[in-house]
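In: Predicted model and sequence follow; I will ask about them next.
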Amino acid sequence: MSDNCVFCKIINGSIPSEKVHETTNVLVFKDINPVAPVHLLLIPKKHIKSVNELQHSDGNIISELFEVASELGKSIPELQNNHRIIVSTGPDAGQVVEHMHFHLIGGRKLVWPPG
Ligand code: 5GP
Ligand code: ZN
């Protein structure tokens, strides 16, 4: 938990969100500013600033994030044919919220390279 972190506030309920799924270590909610018909954020409940702060002991959290992404990718109809997981690290990569998160997007044709 980090006092100034918007995603920690979503986890503790002090900022509302449209929650989609929850497991022991992971929360999934709708992005407030979606860039695709389906745009979900998958976050660890533990405050991890970015991929660069990951520790070996976070392995269970990472596997849970991918497990949840895989389940949602199969169960949400708009994601079944194609979807993309994006994890930005650092401001020049577009990371604004300093609480590591997976964007899970789909429901439209996705172009490459992603900007
Ligand atoms: P980043 O740019 O850091 O990779 O992604 C942060 C994402 O969080 C953005 O897509 C932004 O729309 C989303 N976001 C920021 N604040 C909130 C919020 O208060 N609620 C929700 N649901 N999404 C947020
Ligand atoms: Zn946080």
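Out: Yep, that arrived. Small disclaimer: the values here were computed from a predicted structure and weren't measured. Ligands and ions are numbered 1, 2, ... in the order given.

In: Give the buried residues for stretch 17-36.
Out: Within stretch 17-36, the residues scored as buried using 16 or more other CB atoms under 10 Å are 17, 20, 25-29, 31, 36. All C-beta atoms are positioned from the backbone trio N, CA, C, and that covers glycine.

In: Looking at those, spot the one nearest residue 43.
Out: Closest approach between the buried residues of stretch 17-36 and residue 43, by CB to CB: residue 27, at 5.5 Å.

In: part of a strand, is the closest one?
Out: Yes. According to DSSP: H, G, I helix; E, B strand; the rest coil, residue 27 belongs to a strand.

In: Show me what the lengthiest helix in the chain is packed against.
Out: Across the chain, the helix with the greatest residue count (assigned by DSSP state H) is helix 59-75. Contacts defined by 3 or more CB pairs under 8 Å, 6 or more residues apart in numbering; DSSP states H and E place helix 59-75 against strand 19-22, strand 26-30, strand 38-44, strand 102-106.

In: Parallel or antiparallel, list what pairs with the first one.
Out: What that stands for is strand 19-22. Here strand 19-22 is paired, per DSSP bridges, with strand 26-30 (antiparallel).

In: So which bits of this structure are right by ligand 2?
Out: Contact residues, the chain versus ligand 2 (CB under 5 Å from the ion): 2, 5, 7-8, 47, 99.

In: Which among those residues count as buried?
Out: 5, 7-8, 47, 99.

In: Take these and write them to JSON lines, including secondary structure.
Out: Output for those, formatted as JSON lines (three-state DSSP):
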{"residue": "5", "secondary structure": "coil"}
{"residue": "7", "secondary structure": "helix"}
{"residue": "8", "secondary structure": "helix"}
{"residue": "47", "secondary structure": "coil"}
{"residue": "99", "secondary structure": "coil"}
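
In: Looking at those residues, spot the one nearest residue 72.
Out: Minimum distance to residue 72 across those is 17.9 Å, recorded for residue 7 (CB to CB).

In: Name all residues that make contact with the closest one.
Out: 41, 43, 47, 97, 99, 101 (CB atoms under 8 Å, 6 or more residues apart in numbering).

In: Which pLDDT does the model give the third one?
Out: Reported pLDDT at residue 47 in the predicted model: 98.
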